[in-house]
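>>> Kindly generate the corresponding structure for this input.
(chains A, B, C and D)
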Protein chains: 2
Amino acid sequence: MTETAQQSTDQPNRGVRLPRDARRAQLLSAAQDVFVANGYHAAAMDDIADRAGVSKPVLYQHFPGKLELYLALLETHGTELVSRVREAIESNPDNKQRVRAAVGALYEFVDREDQAFRLVFESDLRGEPAVERAVEQASSGCIDAVAEAVTADAGLDHERARLLAVGLVGLSQVTARDWLDTENSISRDEAVNLMSTLAWKGLAGFPMQQG
Amino acid sequence: MTETAQQSTDQPNRGVRLPRDARRAQLLSAAQDVFVANGYHAAAMDDIADRAGVSKPVLYQHFPGKLELYLALLETHGTELVSRVREAIESNPDNKQRVRAAVGALYEFVDREDQAFRLVFESDLRGEPAVERAVEQASSGCIDAVAEAVTADAGLDHERARLLAVGLVGLSQVTARDWLDTENSISRDEAVNLMSTLAWKGLAGFPMQQG
DNA sequence: CAAAATCTCTACCGACAAGTAAAGTTGGGT
DNA sequence: ACCCAACTTTACTTGTCGGTAGAGATTTTG
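Numbers count the residues shown, from 1 in each chain, chains lettered A, B, ... in the order given. Got it, this is the predicted structure:
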């Protein structure tokens, strides 16, 4: 039994009091649903409060404003993603399998039920430094993780290795989103296989190319 | 005394009448600057009018609303991009050079002075069907062009070829943007070389993989 | 040179959403 | 059972921005 049950569409539990942590978690969850569905701008604080079965001031007792609420989600999922990618890479000895694991981690993140990736990869809030920083942090976290693994193997200097890493992460991210949009598509495993093979074969061209 | 000579402080041409087409073009240019700099939401119609040295009602005599103005730019640059990619592919006989030309076209587009790519690749307007359609059209236009070239060469079925094409386009697009952000970086040509090599070597792994 | 048509500007309206103050309500401690 | 404290809610304020009406200027035409 989930004591912090979500109020999806109706609000049967309006008025019930929750411990502070549970309430905060519930608000975050509701906010995520609304932000994912509508984007930052179209998401109204009223919508979020309604979704949580709560009124607006309650929201403002837990978060100082809309931006902070958004940032809390963004940072959580950003670091989450970076962790998953790092784990995937570090828990595999072989470099080829590392690439596959990294691509797999990206796909898994995109395939999550809560669609958290839309916050990180499709944020519609621009010009806000804190947001750009959070997104940049997630992005460069993944890139650095891949770049480290690639540098040694491909025998490239840091700058070029990083560009390759950017390519691999971008490739995974974009294809993962496309794969998700294409409903009746091939299985996730096969998509990951295709992409990691593409990446690996591509990388294989480089040591001899440079040295 | 009552000279309205204040005109020349910011916008020297304030008050000057222009033929309809010229005015429209100027407005589009101003709008692009503002949309690129601030994104859709933060761009105010007043800003655009000011930037064009014109007042707001003039804007509304040429475009029925903010959305239509935005769409006009989006569609123009979207089709422009697709054309460039198609040209790049079709004007090269060799498949390897086709890949390089396609990647080069993406980089060129991103490297344009007016930064039009930010409208197509970083649009912060979501939920508006017309916008999603325009972006989708640009995206799929590029993808299809690449997919056609890839299908024959790699001996893959349509679905997998398309996924690969998505990967190549995504790879180019993401790395191009990253390359642009990294000021003191390697030259565009070398970046294009790196990426198209990565793509080509990666693709080379596929005919034998499947057949 | 004068008058009208046309273009442009200043000033305004209304909608919408973030954030808040004060009233109302519920539950826990004694 | 009662009262206090914390939690919730209703209802409001405020600021911003898309869009518009009517006044003012300028070029063209008779």
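>>> Would you mind splitting chain A into its domains for me?
In terms of domains, chain A is parsed into A:20-63, A:68-210 (source: automatic domain parsing).
>>> and the first one, how far from the chain's centre?
Averaging C-alpha positions (C-alpha atoms, centre = their mean, to the nearest Å) puts domain A:20-63 19 Å from its chain's average.
>>> Then stretch A:78-98?
Taking the mean of its C-alpha atoms, stretch A:78-98 sits 14 Å from the chain's own mean (C-alpha atoms, centre = their mean).
>>> buried set for it?
A:78, A:81-82, A:84-86, A:88-89, A:92, A:95-98 (16 or more other C-beta atoms under 10 Å in any protein chain shown). In short, each C-beta sits where N, CA and C put it, glycine included.
>>> Of the residues you listed, which is the nearest to residue A:72?
residue A:78 (10.9 Å; C-beta to C-beta).
>>> Assign residue A:184 to helix, strand or coil.
Secondary structure, DSSP: H, G, I helix; E, B strand; the rest coil: residue A:184 is coil.
>>> What pLDDT does the model give it?
Each residue has a pLDDT score; the one for residue A:184 is 70.
>>> Give me the helices and strands touching the helix or strand encompassing residue A:39, please.
According to DSSP states H and E, residue A:39 maps onto helix A:20-42. Secondary structure elements in contact with helix A:20-42, counted by 3 or more C-beta pairs under 8 Å, 6 or more residues apart in numbering or on different chains; DSSP states H and E, are helix A:45-51, helix A:56-62, helix A:66-90, helix A:117-121.
>>> can it be found next to DNA strand D?
Yes. For helix A:20-42, a contact with DNA strand D is found by C-beta under 7 Å from any atom of the strand, at A:20, A:23.
>>> buried stuff in that helix?
A:23-24, A:26-36, A:38-42.
>>> Check what contacts it and list those residues.
Helix A:20-42 has contacts (C-beta atoms under 8 Å, 6 or more residues apart in numbering or on different chains) with A:3-4, A:6-7, A:18, A:43-44, A:47-49, A:51-52, A:54, A:58-59, A:62-63, A:66, A:69-70, A:72-73, A:76, A:114-116, A:118-119, A:122-125, B:41, B:124, B:126-127.
>>> quick one on the thing from earlier: let me know which of the domains of chain A is the nearest to DNA strand C.
DNA strand C lies closest, by C-beta to the nearest atom of the strand, to one member of the domains of chain A: domain A:20-63, at 3.6 Å.
>>> Off-centre distance for stretch A:188-199?
Here stretch A:188-199 is found 19 Å from its chain centre; the criterion is C-alpha atoms, centre = their mean.
>>> ditto for stretch A:125-139
For stretch A:125-139, the distance between its averaged C-alpha position and the chain's averaged C-alpha position is 13 Å (C-alpha atoms, centre = their mean).
>>> close to DNA strand D, is that stretch?
No. With C-beta under 7 Å from any atom of the strand as the criterion, DNA strand D is not reached by stretch A:125-139; the gap is at least 10.9 Å.
>>> then that stretch to CSV, C-alphas only?
Coordinates of each C-alpha in stretch A:125-139 appear next as CSV, following Å, rounded to 0.1, in the frame of the first residue of the first chain:
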residue,chain,number,x,y,z
LEU,A,125,12.6,27.0,-20.4
ARG,A,126,15.5,29.0,-21.8
GLY,A,127,17.5,31.9,-20.6
GLU,A,128,17.3,30.8,-17.0
PRO,A,129,20.9,30.2,-15.9
ALA,A,130,20.0,27.6,-13.3
VAL,A,131,18.2,25.5,-15.8
GLU,A,132,20.9,25.7,-18.4
ARG,A,133,23.4,24.8,-15.8
ALA,A,134,21.4,21.7,-14.7
VAL,A,135,20.9,20.5,-18.3
GLU,A,136,24.5,21.2,-19.1
GLN,A,137,25.5,19.3,-16.0
ALA,A,138,23.5,16.2,-17.0
SER,A,139,24.7,16.4,-20.5
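>>> That one and DNA strand C, any residue contact?
No. Contact of stretch A:125-139 with DNA strand C (C-beta under 7 Å from any atom of the strand) is absent, the minimum separation being 11.3 Å.
>>> buried ones in that stretch?
Across stretch A:125-139, burial judged by 16+ other C-beta under 10 Å covers A:125-126, A:131, A:134-135, A:137-139.
>>> now those residues as JSON lines including pLDDT?
Supplementary listing: the buried residues of stretch A:125-139 in JSON lines, determined by pLDDT from 0 to 100:
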{"residue": "A:125", "pLDDT": "95"}
{"residue": "A:126", "pLDDT": "90"}
{"residue": "A:131", "pLDDT": "97"}
{"residue": "A:134", "pLDDT": "97"}
{"residue": "A:135", "pLDDT": "97"}
{"residue": "A:137", "pLDDT": "96"}
{"residue": "A:138", "pLDDT": "97"}
{"residue": "A:139", "pLDDT": "96"}
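>>> In helices, which of these fall?
The helices, defined by DSSP state H, take in A:131, A:134-135, A:137-139 from the buried residues of stretch A:125-139.
>>> List just the nearest of these to DNA strand D.
Distances from those to DNA strand D were compared by C-beta to the nearest atom of the strand; the smallest belongs to residue A:131, at 16.8 Å.
>>> My guess is the closest one contacts residue A:74. True?
Yes. Between residue A:131 and residue A:74 there is a contact under C-beta atoms under 8 Å: 6.6 Å.
>>> what's the overlap in contacts for the two?
Applying C-beta under 8 Å, 6+ apart, one finds that residue A:131 and residue A:74 are jointly contacted by residue A:123.
>>> How about the contacts made by the residue lying closest to residue A:40 once chain neighbours are set aside?
The spatial neighbour of residue A:40 that comes closest, neighbours along the chain excluded (C-beta to C-beta, 6 or more residues apart in numbering or on different chains), is residue A:125 at 4.3 Å. Under the criterion of C-beta under 8 Å, 6+ apart, the contact list for residue A:125 reads A:40-41, A:70, A:131, B:124.
>>> try 10 Å
If you count contacts by C-beta atoms under 10 Å, 6 or more residues apart in numbering or on different chains, residue A:125 has them with A:35, A:39-41, A:66-67, A:70-71, A:74, A:119, A:131-132, A:135, B:39, B:41-42, B:124.
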